[in-house]
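Visitor: coordinates only, no sequence provided:
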DNA sequence: GCACTAAATTGAACATCATTCAATTTCGAG
DNA sequence: CTCGAAATTGAATGATGTTCAATTTAGTGC
């Protein structure tokens, strides 16, 4: 189900009509509403699925990292690259707050843990991990949008990562060094045959 | 004109209908479209007006500051407080990217100048002022939303300012000191009888 | 004052969707 | 095979942004 609907990333969230989504999924227009209360909720679900998948792949790729700060840096950079590189993500960027909130919810458990771990190791100096990551999520969406709309060049990604590391409380030098470290490749995208909706009812 | 329309900050941008806006301004529904191409453009104009007004008041209040970093800190904090404190702003937060972009456009000229000035004075260490401020704008909208929706308490404003100062490249200690400095009051809001639209045509 | 034209204004009509719901089909238990 | 509950359908509904032909207003030359 999700799969058929996720193809709202072709035209963007707003441009996708429920009619076309239902058609694509080979169901009636009303059926979609048995699985999602509204178009917005569907959009949230679609975005959360993509975001959750990415969070898992990041966690996998950074398993061997000793430095929690490096895990955080890797995550931030990977998300920005996904958002700006993948054509589907660019369409989803239409709804910045939905993206940012989904990012916060899906990556939060990992990112906040890493932030706190790194803070305990003396790498970061922030006082509130949740706040720091909330700020980061919106900032990430902001740059991603700017890059997607070609307002900024793609080579601002690295400086952006540096700034977000500084925001967490790294010195400029440490941040630059961390952002420059070689990054292991990400596992390929999982797109299984899962077809569950979050809630039902009539 | 703007004035009558700005009263879309009563119900929020989306909930405000063009019908009601036209009524409030005592004109026909079509007339609005002689001044603004679309509802979105109108929203942008409304937000930009508010934002521009605030930018000017901030510039005025910080005229006497010797430290450009302090001007930046004052601006960041004042915007967050306006966005979370003023009932009208909260409604406008529905459109985060519109707010963030308007903030970038209206405050950018001042903020980027201050950032660069402070960088020359050795206070900040960032490499790209535009990028830094773009990140800050979205981050500001992010916290403001979180506070407006009571997901976070209002007392995260100060730590948020600290984080954004760190993002610009201040040390944790300097940032905390700067965020704690006493702040002069803001001039009262100007709401003149200006009634110009950005473009016309039929 | 008047005739005439260009610009501004109007608001009813239109088109587009998200959403609903009464009718129908599907499915499973007895 | 029968019956009832759940799922599905898709035409109808309602809300709203936008358009445009008709009308009013404003301005200019005489």
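Guide: The structure has been received and is ready for your questions. Computed from a prediction, not measured in an experiment: that's the story for all the values here. Residues are numbered from 1 along each chain as shown, chains lettered A, B, ... in the order given.
Visitor: just the element for residue A:131, please.
Guide: Per DSSP states H and E, residue A:131 falls inside helix A:129-148.
Visitor: that helix and chain B, are they touching?
Guide: Yes - using CB under 8 Å from any CB of the partner chain, helix A:129-148 reaches chain B at A:130-132, A:134-139, A:141-143, A:145-146. Glycine gets a C-beta too; all of them are placed from N, C-alpha and C.
Visitor: if any of the residues you listed are buried, give me the PyMOL selection for them.
Guide: One line in PyMOL is enough to select the buried ones among those; burial here means 16 or more other CB atoms under 10 Å in any protein chain shown:
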select buried, chain A and resi 130+131+132+134+135+136+137+138+139+141+142+143+145+146
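Visitor: Serialize the residues of helix A:129-148 next to chain B to CSV and add fields for distance to residue B:68 and pLDDT.
Guide: Below are the residues of helix A:129-148 next to chain B laid out as CSV (distance: CB to CB, whole Å; pLDDT from 0 to 100):
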residue, distance to residue B:68, pLDDT
A:130, 30, 98
A:131, 25, 98
A:132, 25, 98
A:134, 27, 98
A:135, 22, 98
A:136, 25, 98
A:137, 28, 98
A:138, 25, 98
A:139, 22, 98
A:141, 28, 98
A:142, 23, 98
A:143, 24, 98
A:145, 28, 97
A:146, 24, 98
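Visitor: can you name the element that comes right after the helix holding residue A:131?
Guide: helix A:157-168.
Visitor: burial count for the residue of chain A at minimum distance from DNA strand C?
Guide: Using CB to the nearest atom of the strand, the single residue of chain A nearest to DNA strand C is residue A:30, 3.0 Å away. Neighbour count for residue A:30, taken as other CB atoms under 10 Å in any protein chain shown: 10.
Visitor: that older thread, against which helices or strands is the helix holding residue A:131 packed?
Guide: Counting contacts by 3 or more CB pairs under 8 Å, 6 or more residues apart in numbering or on different chains; DSSP states H and E, helix A:129-148 packs against helix A:68-85, helix A:96-120, helix A:157-168, helix B:96-120, helix B:129-148, helix B:157-168.
Visitor: repeat the analysis, applying 10 Å as the threshold.
Guide: helix A:68-85, helix A:87-92, helix A:96-120, helix A:157-168, helix B:96-120, helix B:129-148, helix B:157-168 (3 or more CB pairs under 10 Å, 6 or more residues apart in numbering or on different chains; DSSP states H and E).
Visitor: any idea which residue of chain A lies closest to DNA strand D?
Guide: Using CB to the nearest atom of the strand, the closest approach of chain A to DNA strand D is made by residue A:30 at 1.7 Å.
Visitor: any idea how far residue A:141 lies from residue A:76?
Guide: For residue A:141, the distance to residue A:76 equals 12 Å [CB to CB, to the nearest Å].
Visitor: so where's chain A shaky on pLDDT?
Guide: Along chain A, the model assigns pLDDT under 70 to residues A:1-7, A:191-202.
Visitor: let's see it at 50
Guide: A:193-202 (pLDDT under 50).
Visitor: which bits of chain A sit near DNA strand D?
Guide: Counting by CB under 7 Å from any atom of the strand, chain A comes close to DNA strand D at A:26, A:27, A:28, A:29, A:30, A:31, A:33, A:34, A:200, A:202.
Visitor: just the buried ones from those residues?
Guide: Applying 16+ other CB under 10 Å to the residues of chain A next to DNA strand D, the neighbour count classes residue A:33 as buried.
Visitor: just the buried residues of stretch A:166-186, please?
Guide: Residues A:166-172, A:174-176, A:178-179, A:186 are the ones in stretch A:166-186 that count as buried (16+ other CB under 10 Å).
Visitor: that one and chain B in contact?
Guide: Yes - contact of stretch A:166-186 with chain B (CB under 10 Å from any CB of the partner chain) involves A:166, A:167, A:168, A:169, A:170, A:171, A:172, A:173, A:175, A:176.
Visitor: between those, which is nearest residue A:109?
Guide: Taking CB to CB as the measure, residue A:109 sits nearest to residue A:168 out of these, at 16.7 Å.
Visitor: the closest one against residue A:125, yeah?
Guide: Yes - with contacts counted by CB atoms under 10 Å, residue A:168 reaches residue A:125, the gap being 7.9 Å.
Visitor: any residues in contact with both of these two?
Guide: Here residue A:168 and residue A:125 have A:119, B:163, B:166 as joint contacts, going by CB atoms under 10 Å, 6 or more residues apart in numbering or on different chains.
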